[in-house]
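*Asks:* Predicted model, plus sequence, below.
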Amino acid sequence: PGADPLPKLQTMRRQLDRLDALITDLVEVTRISSGRLELNLESVDLGELAHELADRFADELAAAECTLTVTAERGVVGRWDYFRLDQVVTNLLTNAMKYGAGAPIELRVRRREGAAEIVVRDGGVGIAPEEQARIFERFERASSGRTFVGIGLGLWIANKIVGAHGGAITVQSALGEGAVFTVRLPLG
């Protein structure tokens, strides 16, 4: 009997997922840079989106040894582009798993001060205050003293998508204390 092929298949699957994400990011960079980012506005329940993403990322979370807690207020609904917001939260969750491997992650959806908020908190390596604005630039990443795979497009794309919705994305962090990313979207 030969060796179990499952570990090799899982590794191949992860590599294909990374390649797919890279291609998607590069296509998005082209669209955004040429001013062709289009939004398909529809009624979106952010709580449903959060729970769908938690289900979709269950295997990746387990592989990263991260637990995910989802807390979503009911009825946080607005006219947004579901696919684009899925991209934003996917980028935030992927970063939380990458930079906080083994640490718990929180995903919250709530109404606050007349806006909808999506909050992703991780217990990872954190981001120095002087690097926090720079991480939203194209091909930029924070330096943590450790090497992480990526080319620095995810947060730039997320920032552009959120901005196209009339919203904003911010980060609060300190080295060694994880990061809290907050996406604010207009409810109107």
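*Replies:* In hand now; what should we look at? Numbering: from 1, shown residues only.
*Asks:* Run through this protein and note the low-pLDDT ranges.
*Replies:* Residues of the chain meeting the criterion pLDDT under 70: 1-2, 18, 21-36, 138-152, 188.
*Asks:* mind redoing it with 80?
*Replies:* Scanning the chain for pLDDT under 80 picks out 1-3, 5-7, 10-37, 101, 138-153, 188.
*Asks:* what ranges do the strands span in it?
*Replies:* Under the criterion DSSP state E, the chain carries strands at the ranges 41-45, 68-72, 77-81, 105-112, 115-122, 168-173, 179-186.
*Asks:* Please tabulate these in CSV and include distance to residue 13 as additional columns.
*Replies:* For the C-beta atoms, the positions are set from N, CA and C on the backbone; glycine is no exception. Output for the strands of the chain, formatted as CSV (distance: least, Cβ to Cβ, whole Å):
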stretch, distance to residue 13
strand 41-45, 29
strand 68-72, 20
strand 77-81, 28
strand 105-112, 21
strand 115-122, 24
strand 168-173, 30
strand 179-186, 27
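*Asks:* Of the ones you listed, which is nearest residue 128?
*Replies:* Of all the strands of the chain, it is strand 168-173 that lies closest to residue 128, at 8.0 Å by Cβ to Cβ.
*Asks:* which of the residues in the closest one are buried?
*Replies:* 169, 171, 172, 173 (16 or more other Cβ atoms under 10 Å).
*Asks:* Pairing partners for the second one in the sheet, please.
*Replies:* Residue 171 has these beta-bridge partners by DSSP bridges: residue 181.
*Asks:* contacting residues around it?
*Replies:* Residue 171 is in contact with 127, 132, 135, 179, 180, 181, 182, counting by Cβ atoms under 8 Å, 6 or more residues apart in numbering.
*Asks:* List only buried entries from these.
*Replies:* The neighbour-count test (16+ other Cβ under 10 Å) marks 127, 132, 135, 179, 181, 182 as buried among the contacts of residue 171.
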